[in-house]
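Undergrad: quick one, structure for this:
(one chain, ligands or ions: 1)
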Amino acid sequence: MSELHELLTLPKLPITKDYYIKTLQYYLSNGIPATYTLENVIEYNNTDTGRTLNLTTNTTPLHTLSRSISLLSNGYNTDYLKDGMLNIDTVDDQQATKLKMYPVTKRLSSGYEFNEEECQTILDIINLLFEYGAGWNFLDFENKTIGNLIYNEGIGSVTAVAASANNTILLNNIYLRFVEAGIATELLFRKVEEVEWIEEKEEKEIEREEEEEEEEEKTAAATEEQMNKNTNNLDIQEQNPADNQSVFLETPLEYTDSSLITKNNKDGVMMDWESDIMHIAAETVLSSAYQEANDKECINVLNIGFGMGIIDAFIENICASNNDKKKYRHYICEAHPDVIARFENDPIWSKNPNIILLKGRWQDTLNTILDQGDIFFDGIYYDTFSEHYNQDMLNDLYDVVVGLLKPKGVFSFFNGLGADNPFFYDVYKEIVVLDLQNYGLTCEYKLIKLDSSAENCKKNNGDIVWDGVKQSYFNCKYYYHPKISFM
Ligand SMILES: C[S@@+](CC[C@H](N)C(=O)[O-])C[C@H]1O[C@@H](n2cnc3c(N)ncnc32)[C@H](O)[C@@H]1O
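TA: Numbers count the residues shown, from 1 in each chain. Modelled structure (predicted):
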C-alpha cells in the first residue's frame, strides 16, 4: 500500500491546494521518499512469499501523477491502482514479473477540464516532488519516462490541440518543467562528477608521489601481468563496438544496399533513411560559403566520418555546381580501415582532385591541422560512431571546431543525442545549446518530421523498422537539425 501513489491518482476532484499540497507535504516530510516506486510497494508486500519478482522498472510518484493527469484529460477515471498497488499480471520463474494497470472506466465523454487553480496546484505538486529529490529519467512499468506520459512522442510532435486551452497550457507547462528538471539534474551531475574527478586526481597525485620510489622497483613482468589482468577484466559493455571506440575500429564492417553495419553484431553504423537529413546538413554547412560573391577565397569544407559517403555526395554536388564561382577543397576525416578501403577503392572519391582524405581519428588528424594554423573551414559536419557526448564532443570536439571554423563558418552534427526516447531527446537538445554558449557559439534547430522525409526506411504503422539491424538508435518521429555558428 502506498498512500503517496494513491494520493497522486488524484481521487478527489477538484484538485485543491488545501488538500493535495498539505497531504503531500505531510507524507514527504514524514519520510516517504519522493522516489518511492510502485515496484518498491510490490516488493515490500512480497517479502513473505519467498518468490523472486525481478522487477527492473521504477514507477515513481511523478509517473503516477503524470498518468493520472493524462487519464483525466482524456476523460477517464484514475482508479488504476488497488490499495496503492499495480496489478501483478504473471509471476513466472522464467520471466520477469509483468505489471499492469487495473482497468479504468470512462468518466466523461470528453476530457476533464482543469481550472486555473487546479493547474497551479498540479505544478506545485511537481515542484514539491522535485524539491524532495524526485528523479526525471526513470522508466516505469510500461518503459515510459514521465515526459512520455505527458507527450508520448515528445514536444516536437505536438500538433493536436487538447480539449481546452487550460489543458493545453497545463500539459505544455508540465512537459517543459520536466525538461527543465532533466537539464538541471544533468548539469549538476556533471559538476559533481567533475569535482569527484578532480579530488580523485589530486588524491592520486599525492599517492603517486609517495609511491614513486616503490614504482621504480616494479619489474617489467609485473607490469605485463597487470595489463593482461586489465584486458581480462573488460566487461561486456567495454567490448561493445558501439560503446568503445578502439573495439569499434577493430570490428569488421559490412556495407548492405541500405546501410553500413558491424559484420558480426549487426549494429547500425549508418543507414540510408538518414539521406534527407544529410542533404539538409550539407546545405547547412555550406550556407555561409557562397554568401559573399566577391570573395574569391577557396572554400574549405570538412566532414568528420565518411560512413556511406551520403553527406559527402551532397557536399560534392553543391560545391561542384558552384565551382566556376569559387574553387573548393573538401576534406573528409575517417578512422575505420574498412571505410577507408571503401573510399580508396572507389575512383569517384579517391580520384577526385578536390577531395582530401584525412586518414585516422579526428582527434589526431584535426589537431595536426590546428597546429599548422593555415587551414580554416567554411563548414564542418560531425557524424561519427562509438563516441560519446561528454567525453568526445564536449571535451574535445567543441575546442577543435572553435579553432578551425572561419568567423562566419557553420558547424552541424548528426543529432542523435538521447534519441532513443523522445523525452531524453528534448532534454539533450537544450543541454547542447547551453554547452555551446560557453564556446561563444549559438545553436538553432530546425524541426524535421521524419514520417514523410525518411523515404527509404521501411515503415510499419509509421514506425521505422530497422531492417537487418539489431538495435535501433533513433526512436523519434522527428529530427532536430542543428545549425551552429559564432554569436
Ligand atoms: C555514421 S557514419 C557517418 C555517415 C556519414 N555522415 C554519411 O553521410 O554516410 C560514422 C563514421 O565515422 C567514422 N568514425 C568513427 N569514429 C571516428 C573518429 N574518431 N574519427 C574519424 N572517423 C570516425 C566511422 O568509421 C564511420 O565511418
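Undergrad: CA only for contacts and neighbour counts going forward, please
TA: Fine.
Undergrad: which residues of the stretch 251-400 of the chain lie near the ligand?
TA: Proximity of the stretch 251-400 of the chain to the ligand is confined to 269-270, 278, 304-311, 333-336, 339, 360-362, 383-385 under the rule C-alpha under 6 Å from any ligand atom.
Undergrad: among the residues you listed, name the ones in strands.
TA: Among these, the residues falling in strands (DSSP state E) are 269, 270, 304, 333, 334.
Undergrad: which PyMOL command selects the buried ones in the residues of the stretch 251-400 of the chain next to the ligand?
TA: Buried residues among those (16 or more other C-alpha atoms under 10 Å), as a PyMOL selection:
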select buried, resi 269+270+278+304+305+306+307+308+309+310+311+333+334+335+336+339+361+362+383+384+385
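Undergrad: ok so, going back, quick check, nearest of the ones in strands among the residues of the stretch 251-400 of the chain next to the ligand to residue 391?
TA: residue 304 (16.6 Å; C-alpha to C-alpha).
Undergrad: gap between residue 257 and residue 358?
TA: For residue 257, the distance to residue 358 equals 26 Å [C-alpha to C-alpha, to the nearest Å].
Undergrad: can I get stretch 38-50 as CSV, trimmed to CA atoms?
TA: Only the C-alpha atoms of stretch 38-50 are listed here, as CSV (Å, rounded to 0.1, in the frame of the first residue of the first chain):
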residue,chain,number,x,y,z
LEU,A,38,5.2,1.1,-7.1
GLU,A,39,7.8,-1.7,-7.6
ASN,A,40,9.1,-0.9,-4.0
VAL,A,41,5.5,-1.4,-2.8
ILE,A,42,5.1,-4.7,-4.6
GLU,A,43,8.5,-6.0,-3.4
TYR,A,44,7.7,-4.9,0.2
ASN,A,45,4.4,-6.8,0.0
ASN,A,46,6.1,-9.8,-1.5
THR,A,47,8.8,-10.3,1.2
ASP,A,48,7.0,-13.2,2.9
THR,A,49,6.2,-15.2,-0.2
GLY,A,50,9.8,-16.2,-1.0
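Undergrad: redo the ones in strands among the residues of the stretch 251-400 of the chain next to the ligand as JSON lines? Include distance to residue 400 and pLDDT.
TA: Output for these, formatted as JSON lines (distance: C-alpha to C-alpha, whole Å; pLDDT from 0 to 100):
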{"residue": "269", "distance to residue 400": "23", "pLDDT": "93"}
{"residue": "270", "distance to residue 400": "24", "pLDDT": "93"}
{"residue": "304", "distance to residue 400": "12", "pLDDT": "98"}
{"residue": "333", "distance to residue 400": "13", "pLDDT": "98"}
{"residue": "334", "distance to residue 400": "16", "pLDDT": "98"}
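Undergrad: re earlier: which one's more surrounded, residue 257 and residue 358?
TA: Ranked by neighbour count (other C-alpha atoms under 10 Å), residue 257 and residue 358 place residue 358 first, with 19 against 7.
Undergrad: now for the helix or strand containing residue 367, which elements pack on it?
TA: For residue 367, the host element (DSSP states H and E) is helix 362-372. Using 3 or more C-alpha pairs under 8 Å, 6 or more residues apart in numbering; DSSP states H and E, the elements in contact with helix 362-372 are strand 328-334, helix 398-404.
Undergrad: winner for burial among these?
TA: Mean neighbour count (mean count of other C-alpha atoms under 10 Å) peaks for strand 328-334 among those, with a mean of 20.
Undergrad: check which helix or strand covers the residue most central in space within the chain.
TA: Nearest to the mean C-alpha position of the chain, counting by C-alpha atoms, centre = their mean, stands residue 418 at 1.1 Å. Assigned by DSSP H and E, residue 418 belongs to no helix or strand.
Undergrad: so it makes contact with residue 432?
TA: No - Residue 418 lies out of contact with residue 432 (C-alpha atoms under 8 Å); the separation is 11.3 Å.
Undergrad: with residue 334 as the reference, measure out to the residue lying closest to residue 258 once chain neighbours are set aside.
TA: Excluding its sequence neighbours, the residue lying closest to residue 258 (C-alpha to C-alpha, 6 or more residues apart in numbering) is residue 272, at 5.3 Å. For residue 272, the distance to residue 334 (C-alpha to C-alpha) stands at 18 Å.
Undergrad: swap in residue 195?
TA: Plainly put, residue 195 is 34 Å away from residue 334 if you go by C-alpha to C-alpha.
Undergrad: wait, doesn't residue 259 sit right on residue 267?
TA: No - the pair residue 259 / residue 267 is not scored as a contact, 10.1 Å apart, by C-alpha under 8 Å.
Undergrad: where does the stretch 1-150 of the chain get nearest to the ligand, residue-wise?
TA: residue 137 (26.4 Å; C-alpha to the nearest ligand atom).
Undergrad: so which strand or helix has residue 32?
TA: Per DSSP H and E: residue 32 is located in neither a helix nor a strand.
Undergrad: next up, the contacts around it.
TA: Residues near residue 32 by C-alpha atoms under 8 Å, 6 or more residues apart in numbering: residue 4.
Undergrad: ok, now residue 4?
TA: For residue 4, the contacting residues are 24, 27, 32, 61, by C-alpha under 8 Å, 6+ apart.
Undergrad: just the pLDDT for it.
TA: Residue 4 carries a pLDDT value of 95.
Undergrad: so residue 406, which of the three states?
TA: Per DSSP: H, G, I helix; E, B strand; the rest coil, the local secondary structure of residue 406 is strand.
Undergrad: my read: it touches residue 377, true?
TA: Yes - if you go by C-alpha under 8 Å, residue 406 and residue 377 touch, sitting 5.5 Å apart.
Undergrad: who's more crowded, these two?
TA: Legend: neighbour count by other C-alpha under 10 Å for residue 406 and residue 377, higher for residue 377 (26 against 20).
Undergrad: residues touching residue 318, list them.
TA: Contact partners of residue 318, counting by C-alpha under 8 Å, 6+ apart, are residue 283.
Undergrad: list the buried ones in the helix or strand containing it?
TA: Using DSSP H and E, residue 318 sits in helix 310-321. For helix 310-321, the neighbour count (16+ other C-alpha under 10 Å) marks 310, 311, 312, 313, 314, 315, 316, 319 as buried.
Undergrad: contacting residues for the residue nearest to the centre of the chain?
TA: Residue 418 makes contact with 424, 425, 426, 427, 428 under the criterion C-alpha under 8 Å, 6+ apart.
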